[in-house]
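Enquirer: missing the sequence, but the structure's below:
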């Protein structure tokens, strides 16, 4: 079965953001910088520390990120959200508090009309998060 993972693009602060997500969600975090690539000899010094690829893995949770922004620059919008499926009410509330630190708590977790714990937020990097915990997990 195919799977899908979040791949986030940052404007030079990928290392900071992914380290923040690791502090919030746990897991193993790896980075590859531009300096680690064969092309680094042909690139300006100021770009060599930028992250070309990072991966945060905690069980089945996978978030990837980069500082590599296309020619049009970084365009943030609300077309994509990260859905975090939690295992308990407590985990939902804890992750919500951590991820919303210095961001915007748009909808604190509460029991939804469909019976699950649900909340949403925008983190301090401008990324949208949806947190959900099924009614059969408490």
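Expert: Structure received. Keep in mind that this is a model prediction, so the values were computed, not measured. Residues are numbered from 1 along each chain as shown.
Enquirer: Low-confidence ranges, this protein, go.
Expert: 1, 137-138 (pLDDT under 70).
Enquirer: domains for it, by residue range?
Expert: The record's domain parsing of the chain by automatic domain parsing lists 6-66, 81-133.
Enquirer: Out of the ones you listed, which gets nearest to residue 74?
Expert: Among the domains of the chain, the nearest to residue 74 by Cβ to Cβ is domain 6-66 (4.5 Å). Placement of C-beta: from N, CA and C, glycine included.
Enquirer: what's the closest of the domains of the chain to residue 75?
Expert: domain 6-66 (9.2 Å).
Enquirer: how about the helices in the protein?
Expert: 14-25, 89-99 (DSSP state H).
Enquirer: mind giving me JSON lines with the domains of the chain and columns for mean neighbour count and distance to residue 74?
Expert: Output for the domains of the chain, formatted as JSON lines (neighbours: other Cβ atoms under 10 Å; distance: least, Cβ to Cβ, whole Å):
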{"stretch": "domain 6-66", "mean neighbour count": "16", "distance to residue 74": "5"}
{"stretch": "domain 81-133", "mean neighbour count": "17", "distance to residue 74": "9"}
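Enquirer: Could I get these in TSV, plus columns for distance to residue 72?
Expert: Converted to TSV, the domains of the chain look like this (distance: least, Cβ to Cβ, whole Å):
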stretch	distance to residue 72
domain 6-66	11
domain 81-133	16
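Enquirer: quick one: contacts for the residue nearest to residue 13 when sequence neighbours are not counted?
Expert: Nearest in space to residue 13, with sequence neighbours left out and distances taken as Cβ to Cβ, 6 or more residues apart in numbering, is residue 125 at 7.0 Å. Contacts for residue 125 (Cβ atoms under 8 Å, 6 or more residues apart in numbering) come out as 8, 10, 13, 17, 20, 103.
Enquirer: One more: residue 50?
Expert: 12, 14, 33-34, 67-68.
Enquirer: Please tell me how far it sits from residue 90.
Expert: From residue 50 across to residue 90, the span is 37 Å (Cβ to Cβ, to the nearest Å).
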